[in-house]
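**Student:** Let me see the structure of the following:
(one chain, ligands or ions: 1)
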Amino acid sequence: MTETNAGSPHAATSEAESDAVDHSSSANIEGSPVVADSDPLLEVRGLEKHYPITRGFLRREVGRVRAVDGIDFDIGRGEALGLVGESGSGKTTAAHSILRLEEPTAGEIVFDGESVTDLSGPNLRSFRRRAQLVVQDPNEAFNPRLTVGSAVAEPLSLHGMSDESRRRAIVEDVLERVGLSGDDADRYPHEFSGGEKQRISIARALVCNPDLIVADEPTSALDARVQSDVLALLADIRREHDISILFISHDLDVVRLFCDRVAVMYLGEIVEQGPIEDVLESPAHPYTRVLMNSVPSLDPSDRTFESPLTDTIPDPGDPPSGCRFHTRCPELIPPADLAVSDEEWQTLAAFRFTIETGELPSAVDPTTVGDVDAATVREEFDLPTELADQELNRRIGSAVEAVASGDVETAGQELASVLPTVCEQVVPTQSTHRGRPVNCHRYDPDREAEPVAWRGAGL
Ligand SMILES: Nc1ncnc2c1ncn2[C@@H]1O[C@H](COP(=O)(O)OP(=O)(O)OP(=O)(O)O)[C@@H](O)[C@H]1O
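**Tutor:** Got it, this is the predicted structure:
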């Protein structure tokens with residue numbers, strides 16, 4: 001990357017221009033980013049974004065996709081916060097709602113001490129200048145008919161800079177700062193590789209001297225070598241200009257390299273957040289451990305975490321009751337009076353929630369294989385042949401028979417009544433684990449549930 005614009009040629013002439021071009025004003029070239037928890041740049045409180053599900057000619061609302069369902073977090077000045085979660089957890093919707101690219105359903109967004117929730121007109125434009133988005137696929141970010149220079153200059157024009165030669169000087173400067181050449185301004189997007197196009201996206205975000213960049217999976221469309229170049233560029237820019245970054249990713253490994261803190265999202269909610277090293281060293285929420293399990297390189301002490309009970313992610317239009325992760329949670333809390341081992345409980349719970357998804361493994365799906373017998377069902381789900389509790393044994397047996405006969409609904413009802421869990425009945429309130437907020441019944445002092453999988457793992 002080239003040197004920064006210390007001594008940049010930009011000298012503002014109007015208020016709008018001053019806002020747009022004073023690239024050196026917040027630079028912190030030597031220092032590392034300062035996290036100012038007491039005076040965050042961005043505060044997000046109770047943010048919700050629901051999409052109506054409509055039916056019929058009159059488009060009557062019959063439900064809502066709860067894409068973001070009441071999330072809270074702060075980003076300090078110069079801080080990078082990672083927002084992680086599987087596909088569909090609501091990360092992009094959260095980002096767009098924060099930037100007011102989509103109207104939030106509820107909640108408050110405070111930026112640099114001012115609420116932006118109700119901003120409009122020039123005030124909204126000013127906020128958008130200070131908070132920029134870099135999207136995942138740089139191919140989608142550019143009009144193929146516009147030169148790179150015009151694309152990068154667009155935000156300057158939008159924010160009131162009319163002097164063409166000044167715009168050109170700024171564009172050339174910012175292109176050099178992202179490792180390209182000033183002459184690249186005259187070329188077209190298709191002349192650049194994916195990594196270069198992402199640099200141009202970053203240049204366009206930088207041109208208005210933002211305080212916050214929301215980077216939505218900025219490297220996941222790029223090949224591995226280019227990914228690390230683009231990450232290094234973002235890290236340099238952040239350090240040199242003390243820019244805060246909301247870094248969205250499904251990849252905890254990338255977040256570890258880049259972020260100070262992380263918030264973990266599942267089905268529209270944040271289940272855990274904290275300093276990145278603490279969360280990775282001692283992940284509190286079972287969902288965080290499941291995510292870590294999918295990234296072997298993240299586990300410095302070779303701990304192995306468990307897999308989810310099922311891979312089926314529930315529909316955010318009909319999220320599970322209680323804790324939303326309960327249908328997949330390998331740490332599901334058993335009823336106090338159930339006389340089974342930890343291992344038996346997990347197997348039974350996996351059986352129950354796989355049946356509830358309605359997606360039977362093909363080996364026991366009568367529509368695929370015809371006749372199925374009870375032994376095949378037990379084998380497929382690794383079910384114990386004999387449980388100590390006779391009544392439990394009988395009822396599991398009848399659920400197995402129901403599955404074998406293709407009556408998944410009856411099997412599901414039987415399993416739900418014999419294998420209840422507090423996790424499906426009660427929404428967990430926020431607890432604290434090692435000073436970090438976490439939403440899981442395991443940490444509720446009233447329940448005194450012992451963690452299972454990570455027991456003895458020193459977490
Ligand atoms: N305009 C929309 N109308 C209805 N549902 C939507 C809309 N946009 C997103 N959703 C739904 O909201 C949920 C969250 O989507 P979102 O794209 O925010 O998740 P994500 O975590 O960013 O996923 P990905 O990593 O795949 O981008 C998904 O179930 C998605 O289908």
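**Student:** Quick one: end-to-end length of stretch 330-340, please.
**Tutor:** End-to-end distance for stretch 330-340: 15 Å, by C-alpha to C-alpha, to the nearest Å.
**Student:** Kindly apply the preceding question to stretch 354-366 instead.
**Tutor:** Using C-alpha to C-alpha, one end of stretch 354-366 lies 15 Å from the other.
**Student:** Quick check: buried residues in that stretch?
**Tutor:** Neighbour counts using 16 or more other C-beta atoms under 10 Å place 354-357, 360, 364-365 of stretch 354-366 among the buried residues. In this view, the C-beta of every residue, glycine as well, is placed from N, C-alpha and C.
**Student:** So what does the residue lying closest to residue 75 once chain neighbours are set aside have for phi and psi?
**Tutor:** Nearest residue to residue 75, sequence neighbours excluded (C-beta to C-beta, 6 or more residues apart in numbering): residue 42, at 4.3 Å. Phi and psi for residue 42, reported as degrees, to the nearest 10, are phi -130, psi 130.
**Student:** same deal with the one 3 residues further on?
**Tutor:** Backbone geometry at residue 45, expressed as degrees, to the nearest 10, gives phi -130, psi 120.
**Student:** do the same with residue 73
**Tutor:** Dihedral angles (degrees, to the nearest 10) for residue 73: phi -160, psi 160.
**Student:** Close to the ligand: what parts of this protein are there?
**Tutor:** 51, 65, 67, 85, 87-93, 250, 316 (C-beta under 6 Å from any ligand atom).
**Student:** So which of those are in helices?
**Tutor:** In helices, judged by DSSP state H, the following of these are found: 91-93.
**Student:** hang on, the earlier thing: neighbours of the residue nearest to residue 75, just the number please.
**Tutor:** 23 (other C-beta atoms under 10 Å).
**Student:** ok, it touching residue 78?
**Tutor:** No - counting by C-beta atoms under 8 Å, residue 42 does not reach residue 78; the two are 11.9 Å apart.
**Student:** Take the buried residues of stretch 354-366 and lay them out in CSV including pLDDT.
**Tutor:** As requested, the buried residues of stretch 354-366 are exported to CSV (pLDDT from 0 to 100):
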residue, pLDDT
354, 94
355, 94
356, 92
357, 89
360, 85
364, 86
365, 85
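**Student:** how about those in a markdown table, adding secondary structure?
**Tutor:** Below are the buried residues of stretch 354-366 laid out as a markdown table (DSSP: H, G, I helix; E, B strand; the rest coil):
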| residue | secondary structure |
| --- | --- |
| 354 | helix |
| 355 | helix |
| 356 | helix |
| 357 | helix |
| 360 | coil |
| 364 | helix |
| 365 | coil |
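**Student:** Can you tell me which of these lies closest to residue 140?
**Tutor:** Of all the buried residues of stretch 354-366, residue 357 has the smallest distance to residue 140: 32.8 Å, by C-beta to C-beta.
**Student:** wait, doesn't that closest one sit right on residue 311?
**Tutor:** No - under the criterion of C-beta under 8 Å, residue 357 is not in contact with residue 311, lying 9.2 Å apart.
**Student:** Residue 104 in helix, strand or coil?
**Tutor:** Using three-state DSSP, the structure places residue 104 in coil.
**Student:** from memory it sits against residue 51, does it?
**Tutor:** No - using C-beta under 8 Å, residue 104 is not in contact with residue 51, being 11.8 Å away.
**Student:** more neighbours, those two?
**Tutor:** More neighbours surround residue 104 than the other of residue 104 and residue 51, with 21 against 16 (other C-beta under 10 Å).
**Student:** got the phi/psi numbers for the more buried one?
**Tutor:** According to degrees, to the nearest 10, residue 104 has phi -60, psi 150.
**Student:** Also the one 5 residues further on?
**Tutor:** Backbone dihedrals for residue 109, given as degrees, to the nearest 10, come out at phi -120, psi 120.
**Student:** What's the separation between residue 67 and residue 128?
**Tutor:** Residue 67 is 21 Å from residue 128, where distance means C-beta to C-beta, to the nearest Å.
**Student:** who's more crowded, these two?
**Tutor:** Between residue 67 and residue 128, counting by other C-beta under 10 Å, residue 67 is the more crowded of the two (24 against 20).
**Student:** Now for the more buried one: which residues touch it?
**Tutor:** Applying C-beta atoms under 8 Å, 6 or more residues apart in numbering to residue 67 gives the contacts 49-51, 90, 93, 268, 316.
**Student:** what's the closest non-adjacent residue to the closest residue to the ligand within the stretch 351-459 of the chain?
**Tutor:** Closest to the ligand within the stretch 351-459 of the chain is residue 357: 16.0 Å, counting by C-beta to the nearest ligand atom. Spatial nearest neighbour of residue 357, excluding adjacent residues (C-beta to C-beta, 6+ apart): residue 312 at 4.3 Å.
**Student:** For burial, what's the neighbour tally of that neighbour?
**Tutor:** Neighbours of residue 312 under the rule other C-beta under 10 Å: 15.
**Student:** measure it to residue 422 for me?
**Tutor:** Separation of residue 312 from residue 422 (C-beta to C-beta): 22 Å.
**Student:** Next: residue 334.
**Tutor:** 9 Å.
**Student:** more crowded one of the two?
**Tutor:** Per other C-beta under 10 Å, whichever of residue 334 and residue 422 has more neighbours is residue 334, with 22 against 19.
**Student:** Identify the residue spatially nearest to the more buried one, adjacent ones excluded.
**Tutor:** Computed as C-beta to C-beta, 6+ apart, the closest residue to residue 334 that is not its neighbour in sequence is residue 345, at 4.6 Å.
**Student:** Run through the stretch 301-450 of the chain and note the low-pLDDT ranges.
**Tutor:** Within the stretch 301-450 of the chain, the segments meeting pLDDT under 70 span 301-304, 448-450.
**Student:** Please, where are all the strands along it?
**Tutor:** For the stretch 301-450 of the chain, applying DSSP state E, counting those that start in this stretch gives strands covering 431-433, 436-438.
**Student:** Packing partners of the last one?
**Tutor:** Under the contact criterion of 3 or more C-beta pairs under 8 Å, 6 or more residues apart in numbering; DSSP states H and E, strand 436-438 touches strand 269-275, strand 431-433.
**Student:** rerun that using 10 Å as the cut-off
**Tutor:** Applying 3 or more C-beta pairs under 10 Å, 6 or more residues apart in numbering; DSSP states H and E, one finds that strand 436-438 contacts strand 261-266, strand 269-275, helix 276-281, strand 431-433.
**Student:** Contacts made by it with the rest, please.
**Tutor:** Residues from elsewhere that reach strand 436-438 (C-beta atoms under 10 Å, 6 or more residues apart in numbering): 72-73, 261, 263-264, 270-275, 278-279, 282-286, 288, 428, 430-432, 443.
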